[in-house]
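mind folding the following:
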Amino acid sequence: MEPSAQPELVIVMPIYNEAANISDVIAEWLPVLEKTGVRFEMLTINDGSKDSTLEILNSLAEKYPGKITVLNKQNSGHGRSCRQGYEWALKGPAQWVLQIDSDGQCNPEYFPTFWSQTAEADCIFGSRTTRGDGYARKIISKTCGVLSSLVAGVNVQDANVPYRLMRKTALAEALTKVPADFDVQNIALTVALKRCPNLRWKYVPIHFRNRQGGVNSIDLPKIARMGLAMLKELRRVKP
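Now for the predicted structure:
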């Protein structure tokens, strides 16, 4: 992207201890983004990583000036890192915000299909029809979606899918309904968006890959505990 060109799209990518993955993930995404012709800025949010993630990100930002921005912060978890990235994106000129994870599970080959839907939708979410990260995680996500829908009173489908493209105006409205200290921002944001009237939705079937390297920092028991706490907190999301 030329320095004078304003981005159309901000990619929000929260990152924690992904030194084993992050170079390959970004190297895989950049040519796909460039091939679509979209003017983009990739916001990489280092959530207090304890490995060499920050050094790698800074090196990549130097290698791809104007395309990669590094936001370094103290560790506060994935959800709050997403929230900080959303708020950062809303301050800029880009009219679209894409959130993806940093472990290689979000395959960039689907992005052109996401981007092709922007004239007809305000929220374009991935639908994880198949998964490579294990049956247990699939069950947890399904259970989370069903219980979140029951508690929130809206059909949130795959509530915590990390592959989501949102129109800036829709995101801005929804964030006013989500407390900033809500830990599982992904799910709370899905609920808030579903409650916004007149938003146009599209779903893109995706295969959600297994992480491409390294070790997941959140194990299954922790995910279950976070899920239970989140369900209790969903009432804090404003109608």
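
what's the closest non-adjacent residue to residue 211?
Closest residue in space to residue 211, ignoring its immediate chain neighbours: residue 103 at 4.0 Å, by Cβ to Cβ, 6 or more residues apart in numbering. The C-beta positions use only the backbone N, C-alpha and C, and glycine is treated the same way.

next, count neighbours for that neighbour.
25 (other Cβ atoms under 10 Å).

how close does it sit to residue 237?
27 Å (Cβ to Cβ, to the nearest Å).

now do residue 120
Per Cβ to Cβ, residue 120 is found 27 Å from residue 237.

and if you look at residue 146?
From residue 146 to residue 237 the distance is 17 Å (Cβ to Cβ).

quick one, which of residue 120 and residue 237 is more surrounded?
residue 237 (20 against 10).

ok, now how distant is the more buried one from residue 190?
10 Å.

worst mean pLDDT across the helices and strands of this protein, which element?
helix 220-233 (a mean of 68; mean pLDDT, DSSP states H and E).

leaving out sequence neighbours, find the closest residue to the residue nearest the centre of the chain.
Note on the chain: the residue nearest the mean C-alpha position is residue 99, at 2.8 Å, using Cα atoms, centre = their mean. Spatial nearest neighbour of residue 99, excluding adjacent residues (Cβ to Cβ, 6+ apart): residue 12 at 4.7 Å.

number of residues surrounding the one you found?
Count around residue 12 with other Cβ under 10 Å applied: 26.

am I right that it sits in a strand?
Yes: under DSSP: H, G, I helix; E, B strand; the rest coil, residue 12 falls within a strand.

pLDDT at it, what is it?
pLDDT, residue 12: 98.

list the contacts for it?
43, 45, 82, 85, 86, 88, 89, 97, 98, 99, 100 (Cβ atoms under 8 Å, 6 or more residues apart in numbering).

ok, now with 7 Å
43, 82, 85, 86, 89, 97, 98, 99 (Cβ atoms under 7 Å, 6 or more residues apart in numbering).

pLDDT below threshold where in the chain?
For the chain, the stretches flagged by pLDDT under 70 are 1-4, 214-229.

need phi/psi at the residue lying closest to residue 14 once chain neighbours are set aside.
Of all residues beyond its chain neighbours, the one nearest residue 14 is residue 81 (3.7 Å), with distances taken as Cβ to Cβ, 6+ apart. Torsion angles at residue 81 (phi, psi; degrees, to the nearest 10) stand at phi -70, psi -40.
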